[in-house]
Structure formats: C-alpha cells, structure tokens
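>>> need the 3D shape of this:
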Amino acid sequence: MKIRRLVLLVVALLLLLSQTPFAYRRYKLRRLSAGIQQLNSERRVPEPYGFKDYKGVVHVHSFLGGHSSGSFSEIIAAAQANQLQFVIMTEHTEKDFDTAAMTLQGMHGGVLFINGNEVSAPNGDRLLTLPGELSIAAYPEEFKNWDTPGLDGVEVYNVFTNAKRINPVVAFFDALWSKRSYPDLMFAFYLTRPDEGLKLWDQGLTRARLTGVAGNDAHANIGVSLKDSSGKTLLGIQLDPYDTSFRLVRLHALIEANKPLEATSLLDAVRAGHCYIGFDFLGDTSGFSFTAENTGERKIQGDEISFKPETRLRVQSPVPGRIVILKDGAILLDETGISGKELPISEKGVYRTEIYLPQLGMVANQPWIISNPIYVR
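This next block holds a predicted model:
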C-alpha cells in the first residue's frame, strides 16, 4: 500500500511538473494582454490623407467546397463580433456547381462580402480569384509559375501556413490553460515573420506591381471534438473558430474618403495596393500611414511617384515602435522608439515598410504592420 501511494504521489508530481511550463505561458499571455491594452490606450490615429481605413479579412471558406463545415451565419456573426467592414470569401471549387456564385456576397449584417474562389492550376499553383478578374497567388512558398498572366497580388502571409509549424501537443495544453481567457493571444507563441513569403514578394516586385495581402485561411475546422449522430458537438476544443481567426490578421483597405465602401471600390483598392497588413490581435493597426511626397505629388502605398531631388517618404504609426523601411527588399532604415519617420529618397526603387512592437517582449521580432510598396520611378 505504501508503495502504491508513493507511485501515485510520484505520478501526481510529474503531472504537476509537466504543466508548469503551460502555467508560465499563461502568465506570459496575461502580461502580453496588459501590454496590448496599454498600447491601445496610447493610440493616435489621424485618418490617412484623403482616404478612409476599412478593416476586413481575406481567404475565408464555408461549408461550400468541402474542407469546412462552417455556416454562413457563423461567418457573419464572427465578422460582426470583430467589427469588420468586409470579408473576402474564397471557396474551394467544385466540379458540379459554382461555389463562388453560391457563397456570401453583398451586404449581410452590415458587412460587405466579396465572393471568390481558391482555384488550383494543373501544376499545383493555387490562386485566389476575385470578381473583376483580380488574381492573387496563394501560398507563395509553393507557387511555381510567377509569370502567370494577370497576376495582381501575393498572399505574403497565411495563418494556416504559419499554424503548420505548431506542435499539436503543445497547442493542446496551451488551449487547456489559456484558450478560455486568451483565445487569440495564444497565437503569439507561434507567430513567425513570413520570411520566405516576403522574400518571394520582394523578388516579384522587381518584375511587376503586386499587391501584398494576408490570408486568414479560415475554415473553423481545427480541433478535437466528440459528436452525436446528428452532428451536435458533445465535447471538444476548437482552436480556430471564425471569431478567433478574424482577430489574428487583417487587411486594411484605404478607400478615397468621398467613395462608399462597396465591391467595386474595395476591389479597386486591393488591385491598386491601397492596403496594408495588420496583425490586429497585437493591437489595432487602424490609422497607419505610409506616403511619398515631392513637389506637386502626394501618393500612398501602392502608388507610383516620380523621382525628384525633394522626394521623401513618410511613415506614421498609431503607437511608437520599431520602424523598418526597405528598398528593393533590403533594409534601408531601422529605428526603434519612434511613431513617425520622414526619409529623403536618393534613388529610384521599390520601398515598403514594416513596424514592430519591441515593448511587447515575446513578439518583439514579429511584424505588427506590413505595408504595400511605393514605387519611385
């Protein structure tokens, strides 16, 4: 009996010790949450000059086309809960029916929905195809034919691609300890800068204008559950409900202030590169501005501007952080502790910027904002 008790005690101690790292990780999330709340209280958000900032998500799947059982009502509710202005649907294709025509489109619950597809080429390349013949390369790390006619953009970051690096055992225990209080912040443990996607985008920008977007790749299909014969969930943990997926990363579209948000104005903004990527679960990125100016011209990200001796870039962040400006993919400037920067330009090139939040500690080396480029010609 004493031996049995001793064995049980040892097992209990081992179980307790095995959970200590996850308890500490939950403590780190509590500190991160407090840091984000502090940052949000310090935000200064002047509206981008002549444009209005609309936030939404790209690359969303429903029950159409398989891979997901998510309903339209769940997607609409999640978009409303996140106060999104738009959602770009990209349903998997089916042989016998048009999933793009059948998915959400138009206004629903005060949110604008765009109907699109995720299609596979014969060589395995996958494209996000949207109305108006707008085409975006998905999963650039796997993309082969960069000479695809009519290519308008690149999905430089994808949540699913990032999530594939997660250890499922670690994720399971993180969920047990932290999902209830920090369902989205848990992702901070796994967030990685999309080095390869950004590298391929920078290379592509030397050949053509390409809009950079982020894909939520939302399916609401990752987790463990026990269901009855009717499909009702009796017990389980879902790691990627739409409500959480829509908080992780967003595309912020900049639309001229005198134009309404509608399908045409939104798709025109995406095609023009008048948009930026914001990892909004680390703090609201609304109000970020990246412009270029010279005598007679003022342009925003996605635009071309003439090279003149007085040409300069201007970056404005909602909160102080680390501002990195890149030229043709190489770092031109890297400064910390600032919320704005004006930089004279000495030569032509493709310029973009990334903003980091070193004050948040555990995500100091992960981007908070990734802009689209300005082309100095």
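
>>> relative to residue 293, how far out is residue 257?
According to Cβ to Cβ, to the nearest Å, residue 257 stands 18 Å off from residue 293. C-beta here means a position set from N, CA and C on the backbone, and glycine is covered the same way.

>>> next SSE after the longest helix belonging to the chain?
Taking DSSP state H as the criterion, the chain has its longest helix at helix 2-41. Remark: after helix 2-41, the chain's next helix or strand is strand 51-60, criterion DSSP states H and E.

>>> can I get that following strand as CSV, trimmed to CA atoms?
Listed next in CSV are the C-alpha coordinates belonging to strand 51-60 (Å, rounded to 0.1, in the frame of the first residue of the first chain):
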residue,chain,number,x,y,z
PHE,A,51,-8.6,58.1,-47.6
LYS,A,52,-10.7,56.1,-45.1
ASP,A,53,-9.3,52.9,-43.4
TYR,A,54,-11.6,49.9,-43.7
LYS,A,55,-10.6,46.6,-42.0
GLY,A,56,-11.5,43.1,-43.2
VAL,A,57,-10.3,39.6,-43.8
VAL,A,58,-9.2,37.7,-46.9
HIS,A,59,-9.3,33.9,-47.7
VAL,A,60,-12.3,32.6,-45.9
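
>>> and residue 257 and residue 293? which has more neighbours close in?
More neighbours surround residue 293 than the other of residue 257 and residue 293, with 18 against 11 (other Cβ atoms under 10 Å).

>>> helix, strand, or coil at that one?
strand (DSSP: H, G, I helix; E, B strand; the rest coil).

>>> from residue 58, how far out is it?
As judged by Cβ to Cβ, residue 293 and residue 58 stand 29 Å apart.

>>> how about the helices in the protein?
Under DSSP H, the chain gives helices at 2-41, 72-81, 99-102, 159-163, 168-178, 195-205, 242-248, 263-272.

>>> so which other helices or strands are in contact with the longest helix of the chain?
Helices and strands touching helix 2-41, by 3 or more Cβ pairs under 8 Å, 6 or more residues apart in numbering; DSSP states H and E, are helix 168-178.

>>> how far off centre is the helix it packs on?
Remark: helix 168-178 is offset 22 Å from the chain centroid, using Cα atoms, centre = their mean, to the nearest Å.

>>> contact partners for the closest residue in space to residue 162 that isn't next to it in sequence?
Closest residue in space to residue 162, ignoring its immediate chain neighbours: residue 192 at 5.9 Å, by Cβ to Cβ, 6 or more residues apart in numbering. Applying Cβ atoms under 8 Å, 6 or more residues apart in numbering to residue 192 gives the contacts 162, 165, 366.

>>> same check on residue 110?
Residue 110 neighbours (Cβ under 8 Å, 6+ apart): residue 80.

>>> so what pLDDT did it get?
You'll see residue 110 listed with a pLDDT of 97.

>>> so residue 85 is in contact with residue 52, correct?
No: counting by Cβ atoms under 8 Å, residue 85 sits too far from residue 52 to count as a contact (9.6 Å).

>>> which neighbours do the two share?
residue 261.

>>> state the number of residues packed around residue 361.
12.

>>> need the per-residue pLDDT for it.
According to the prediction, residue 361 has pLDDT 93.
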